[in-house]
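**Q** Just a sequence and a predicted model for now, questions to come.
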Amino acid sequence: MKLQNFIKAGLKTQISLLALFSKRKAGNKAFNIFCTPFGKTTYAATAVLQSAEALQMTCNGMLLRGYRWNKGAPEKLLIAHGFRSHTQRFEHLIPHLIERNYEIVAFDAPAHGLSAGKRINAIDYTKAISLITSRYGPFDVYVAHSFGGLAVVLSVVAEQAQNENKKIVLFAPATNAQTLATTFLKAMAITDPSTQKHFYNNVTRLSNGKNLDWFSIERCLPDLRSPVLWIQDQSDQIIPAAEALTISDLRYPNIEFLFTEDLGHSGIYRDAAVLNKVYAFLDS
């Protein structure tokens, strides 16, 4: 049995046993697991990272670590990684972005990479993006993957009503937090309505009354006027293509979709042909 399957089986057992005594505690435990990036990885300082200015800031009492390249360039760009990822996985973009004369900023999200913390949710990541923007922006371009894509869109729409002059590249963005939660609850075999209710109560408590559907890219689209390049692989097992296809059918004029095959969730931001499309979008 793979280690991740062993951990998953153990956590399922914990929740089911806890539910025998308290549905509230079981729901809270499930929510904490949902927000925990198990297998958090650190990384060595590569030549690209060593060439950057080291940055740090505090968000919700947690120290976040980041990088800045090409300070003082005429346009600023922010990179936002996904769940269980970190900045170093996007360092191959840096030389190409410097060639295009961007000032580039990237941070490890809370509970990821070299940043502090044990858990993250859409509220925390969106707040982090907003704080990074207020301190090191404003940004002309955002490049985001997966969970980072959801946080970027939520932040831009909430904080920047006049966003038509931004450019956003979304690699397989998490389109809807509700879908993530539904998938998680199914995977953890949490079917009891009372346990699910207490799971969702954490969202309304932390977000001042909002439900998970509020944390949705589709909800934001009428207020998102930025040119967007949305890249989605049709074989992605982490973020299925169905929601991207549905949004594509809405034909928002500011969103260009690029659907790929057999690149998966992470290969999508490493493929040379895809990246050439990204650079052409940025150059346009």
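**A** Looks like it arrived, so ask away.

**Q** Report the contact partners of the residue lying closest to T41 once chain neighbours are set aside.
**A** Closest residue to T41 apart from its sequence neighbours, by Cβ to Cβ, 6 or more residues apart in numbering: H86 at 6.8 Å. For the C-beta atoms, the positions are set from N, CA and C on the backbone; glycine is no exception. Residues near H86 by Cβ atoms under 8 Å, 6 or more residues apart in numbering: 41-43, 108, 112-114.

**Q** Can you give me the neighbour number for T13?
**A** 10 (other Cβ atoms under 10 Å).

**Q** where does it fall, phi/psi-wise?
**A** Reported as degrees, to the nearest 10, the phi and psi values for T13 are phi -60, psi -40.

**Q** do Q56 as well
**A** phi -150, psi 150.

**Q** Show me what the strand or helix carrying I33 packs onto, helices and strands only.
**A** Assessed by DSSP states H and E, I33 sits inside helix 23-34. With contacts taken as 3 or more Cβ pairs under 8 Å, 6 or more residues apart in numbering; DSSP states H and E, helix 23-34 sits against helix 3-21, helix 177-187, helix 193-206.

**Q** That one: which residues count as buried?
**A** Buried residues in helix 23-34, counted by 16 or more other Cβ atoms under 10 Å: 23-24, 26-31, 33-34.

**Q** go on, stretch 62-80?
**A** 62, 64-70, 75-80.

**Q** Stretch 135-153 too?
**A** Buried, per 16+ other Cβ under 10 Å, within stretch 135-153: 136-137, 139-153.

**Q** circling back: Serialize the buried residues of helix 23-34 to JSON lines and add fields for pLDDT and distance to Q196.
**A** Output for the buried residues of helix 23-34, formatted as JSON lines (pLDDT from 0 to 100; distance: Cβ to Cβ, whole Å):
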{"residue": "K23", "pLDDT": "94", "distance to Q196": "9"}
{"residue": "R24", "pLDDT": "94", "distance to Q196": "12"}
{"residue": "A26", "pLDDT": "94", "distance to Q196": "10"}
{"residue": "G27", "pLDDT": "95", "distance to Q196": "7"}
{"residue": "N28", "pLDDT": "95", "distance to Q196": "12"}
{"residue": "K29", "pLDDT": "94", "distance to Q196": "13"}
{"residue": "A30", "pLDDT": "94", "distance to Q196": "8"}
{"residue": "F31", "pLDDT": "96", "distance to Q196": "10"}
{"residue": "I33", "pLDDT": "94", "distance to Q196": "14"}
{"residue": "F34", "pLDDT": "95", "distance to Q196": "12"}
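
**Q** and of those residues, the nearest to L263?
**A** F34 (26.5 Å; Cβ to Cβ).

**Q** and I79, which of the three is it?
**A** At I79 the chain is in strand, as set by DSSP: H, G, I helix; E, B strand; the rest coil.

**Q** got it, and W230?
**A** strand.

**Q** With P240 instead?
**A** Applying three-state DSSP: P240 is coil.

**Q** Distance check, it against E261.
**A** 14 Å (Cβ to Cβ, to the nearest Å).

**Q** ditto for Y269
**A** 15 Å.

**Q** In terms of neighbours, single out the busier of the two.
**A** Y269 (26 against 7).

**Q** all helices of the chain, in order?
**A** Along the chain, the segments classed as helices by DSSP state H run 3-21, 23-34, 47-50, 94-99, 122-136, 147-159, 177-187, 193-206, 217-220, 242-249, 264-267, 272-283.

**Q** Of all those, which one comes closest to S226?
**A** Once these are compared by Cβ to Cβ, helix 147-159 is nearest, at 6.8 Å.
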